[in-house]
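> here's my sequence, what's the structure:
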Amino acid sequence: MKLWRKQFNKNDKVEKMSKNQWLPVLSKLILMAFFSIANIATAIDIQPRIIGGKDAVIDDFPWQVALVLSSSNLYGTQSCGGSILHKRWIVTAAHCFDITDTNPVPPQFVVIGLSNLTDTSADTHQIIAIKSTIKHPEYNKTTLDNDIALVQLSADIDFSVCEAANNCATIEVATPETEANLIPLGTPVWISGWGNISKKSTIYPTQLQSAQVNMVDCLDVDGNYTSSDVTDNMICAQTLGFDTCVGDSGGPLAADSNDGTGSVLAGITSWGPLECDTAGEPGVYTRIANYSCWLNETSDGELNIPVTSCASGSDTSSNMPTQKGGSSGSIAWLSLVFLALFLRLTRQTTLRQSL
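So this is what the prediction gives:
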């Protein structure tokens, strides 16, 4: 993994300052009894939105889903996000399903069509059990290369329910042929999720949050990332004051389509600095254009993503000439490895998953 994980469970969420005195103790007891998690974070500063974001409604991001452990406690057990590609397929980050001591059980359900995870009064959302999860075969949990997974649902999403509420839809996927025009450096893109909204503490919103950030060069933002951190399978986005954070993992990085009529999935929230929205350390996203062929093959062609040619393993890198993500096998990597090891001792980063 990228240095140290920042481990949280959504039972650590804090909504009101008045709870600061008793919530950490109560949460710890509950977690020890039911989830065997003892790493509790206490909120000491509250912000109204996700690292510069704002309240959003699912109608504006109908492809966004939440991955949860329990169908009866959506807010308390939400750990990651995902995007709808098909009536039975969700794409997310592979690390959302890593099994660890503090995360012994992976997400079990997908929540579709819900803006507020505590408000299930309207009968327009769907909760569907996960049938299977397929991580990319070359996923590396240490480097987070190929941090992508397909989730197969146990039942089809009922899009007739969505039509009335306008709260769920599939999203098109960027391909090597379309990516360069979709997200050149400086392009504004959208991030969304239910992740941590505070840089200084741990505060998880009940309401979906969104923000707009810009595509940046992973290796040309004050020089804090090196080619040993970032591979050609990763892209970066950040605008100071706006960022994804812990709990947003697996969620979408969405760009406007070339014709301006819709949105296209360009990335999957993967990792970033431990203190989100850190200058020189942008959010890092899985570069989904590199996986068009894998997505088609893994879904037995059901996703039907239009791509002209396929390579073994992860797909051939797209032709974005200004993106500097380097290969881990390059000569540059060898020359920077000692610097990278030093940086790993002095800089903390985190998967953007709430465990």
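> ends of stretch 84-100, how far apart?
26 Å (Cα to Cα, to the nearest Å).
> can you list the low-confidence ranges for this protein?
Counting by pLDDT under 70, the ranges of the chain that qualify are 1-50, 223, 311-349, 354-355.
> tally of neighbours for the closest residue to Thr77 other than its chain neighbours?
In this structure, Thr77 finds its nearest non-sequential neighbour in Leu69, 3.7 Å apart by Cβ to Cβ, 6 or more residues apart in numbering. (Glycine included, C-beta is placed from N, CA and C.) Look at Leu69: counted by other Cβ atoms under 10 Å, it has 20 neighbours.
> check the one 4 residues further on too.
Number of residues near Asn73 (other Cβ under 10 Å) recorded here: 15.
> against Ser227, how distant is it?
Taking Cβ to Cβ, to the nearest Å as the criterion, Asn73 is separated from Ser227 by 42 Å.
> do Leu351 as well
Distance, Leu351 to Ser227, by Cβ to Cβ: 20 Å.
> show me which of these two is the more surrounded one.
Leu351 (29 against 23).
> mind listing what Gly82 touches?
Counting by Cβ atoms under 8 Å, 6 or more residues apart in numbering, Gly82 touches Gln64, Val65, Ala66, Leu67, Ile90, Val91, Thr92, Val110, Val151, Gly250, Gly251.
> keep only those of the residues you listed that are in helices.
With helices defined by DSSP state H, no entry of these lies inside them.
> okay if I get those as a markdown table plus neighbour count?
Below are the contacts of Gly82 laid out as a markdown table (neighbours: other Cβ atoms under 10 Å):
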| residue | neighbour count |
| --- | --- |
| Gln64 | 30 |
| Val65 | 31 |
| Ala66 | 28 |
| Leu67 | 28 |
| Ile90 | 25 |
| Val91 | 28 |
| Thr92 | 30 |
| Val110 | 23 |
| Val151 | 25 |
| Gly250 | 34 |
| Gly251 | 33 |
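> among these, which one lies nearest to Asn181?
Nearest to Asn181, judged by Cβ to Cβ, of the contacts of Gly82 is Val91 at 21.3 Å.
> before we move on, the earlier item: dump the contacts of Gly82 into JSON lines; add distance to Asp243 as well.
JSON lines is the format used below for these (distance: Cβ to Cβ, whole Å):
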{"residue": "Gln64", "distance to Asp243": "17"}
{"residue": "Val65", "distance to Asp243": "21"}
{"residue": "Ala66", "distance to Asp243": "19"}
{"residue": "Leu67", "distance to Asp243": "20"}
{"residue": "Ile90", "distance to Asp243": "23"}
{"residue": "Val91", "distance to Asp243": "21"}
{"residue": "Thr92", "distance to Asp243": "19"}
{"residue": "Val110", "distance to Asp243": "25"}
{"residue": "Val151", "distance to Asp243": "25"}
{"residue": "Gly250", "distance to Asp243": "16"}
{"residue": "Gly251", "distance to Asp243": "12"}
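> next step: those restricted to strands.
Counting by DSSP state E, the part of those found in strands is Gln64, Val65, Ala66, Leu67, Ile90, Val91, Thr92, Val110, Val151.
> name the nearest of the residues you listed relative to Cys293.
For the ones in strands among the contacts of Gly82, the nearest to Cys293 is Val91 (14.0 Å; Cβ to Cβ).
> and the closest one, how far from Gln152?
With distances taken as Cβ to Cβ, Val91 is found 11 Å from Gln152.
> now Trp294
From Trp294 to Gln152 the distance is 14 Å (Cβ to Cβ).
> so between these two, which is more surrounded?
Trp294 (24 against 16).
> could I get the phi/psi values of the more buried one?
The phi/psi pair for Trp294 (degrees, to the nearest 10) reads phi -60, psi -40.
> next one: it from Thr286, what distance?
For Trp294 relative to Thr286 (Cβ to Cβ), the value is 12 Å.
> same question, Thr308
The value you get for Thr308 to Thr286, if Cβ to Cβ is used, is 21 Å.
> which of the two has more neighbours?
More neighbours surround Thr286 than the other of Thr308 and Thr286, with 32 against 9 (other Cβ under 10 Å).
> ranges for the strands of the stretch 1-150 of the chain?
54-55, 64-68, 78-86, 89-92, 109-112, 126-135, 149-153 (DSSP state E, counting those that start in this stretch).
> deepest-packed of the ones you listed, please.
Greatest average neighbour count among those goes to strand 64-68 (a mean of 28), per mean count of other Cβ atoms under 10 Å.
> surely Leu69 touches Val105?
Yes - the pair Leu69 / Val105 is scored as a contact, 6.1 Å apart, by Cβ atoms under 8 Å.
> out of the ones in strands among the contacts of Gly82, which is nearest to Asp232?
Val91 (18.9 Å).
> appreciated, that's everything.
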